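K.L.:
here is a sequence with its predicted model. Questions after.
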Amino acid sequence: MTRSKILLAAILGTTLFAGAAMAVEPVLPRTTKAFNRLDADHDGKITLNDFKPRVEQRLARLDTDKNGEVSEAELNAYMEKRLEQRKARLMKRLDTDGNGAISVAELDKAVDDVFAAADTDHDGAVTLDEARQFRMAKLKKPVQDSQPN
Ligand SMILES: [Ca+2]
Ligand SMILES: [Ca+2]
Ligand SMILES: [Ca+2]
């Protein structure tokens, strides 16, 4: 039960709220993928010319009434949409019997799966190393990074 609560907090914390705040904030890229996306000429450096249009593009995407600025209402609408998407993804992942609610049993199953997948030496416990490798493995999956580093 306690373990489940911790995992739920971790899942909610990382998948539900991370990213939403970065909607319009000019945040410099911290991952290789995000950096490479900005580094148009791939010289390993991003310039203001690379960065500014990106930020402005993002602003324009949120400016649904196209009046040149993003209002609080527009920001709200965007964040609600994102939150809905994340919620839907979370439900899809955890609500395995599809009854519209996440039960303790379903959460326990998810915890078991995460543990089993992370416990690479199968000693029934997850070390910090295993946890780190698991997170990295999970993060790497969707990233199509051809350079192994
Ligand atoms: Ca607007
Ligand atoms: Ca369910
Ligand atoms: Ca282990």
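P.N.:
Cool, got the structure. Residues are numbered from 1 along each chain as shown. Ligands and ions are numbered 1, 2, ... in the order given.

K.L.:
any idea which helix or strand comes after the lowest-mean-pLDDT helix or strand in the chain?
P.N.:
Averaged element by element with mean pLDDT, DSSP states H and E, the chain has its least confident helix or strand at helix 2-11 (a mean of 58). The C-terminal neighbour of helix 2-11 among helices and strands, as given by DSSP states H and E, is helix 32-38.

K.L.:
residues near residue 31, how many?
P.N.:
Using other Cβ atoms under 10 Å, residue 31 has 11 neighbouring residues. Yep, even glycine has a C-beta here, placed from its N, CA and C like the rest.

K.L.:
what residues does this structure put near ligand 3?
P.N.:
By the rule Cβ under 5 Å from the ion, the part of the chain lying against ligand 3 is 119, 121, 123, 125.

K.L.:
separate out the buried members of these.
P.N.:
Buried by 16 or more other Cβ atoms under 10 Å: residue 119, out of those.

K.L.:
which two in the residues of the chain next to ligand 3 are spaced the farthest apart?
P.N.:
121 and 125 (9.1 Å; Cβ to Cβ).
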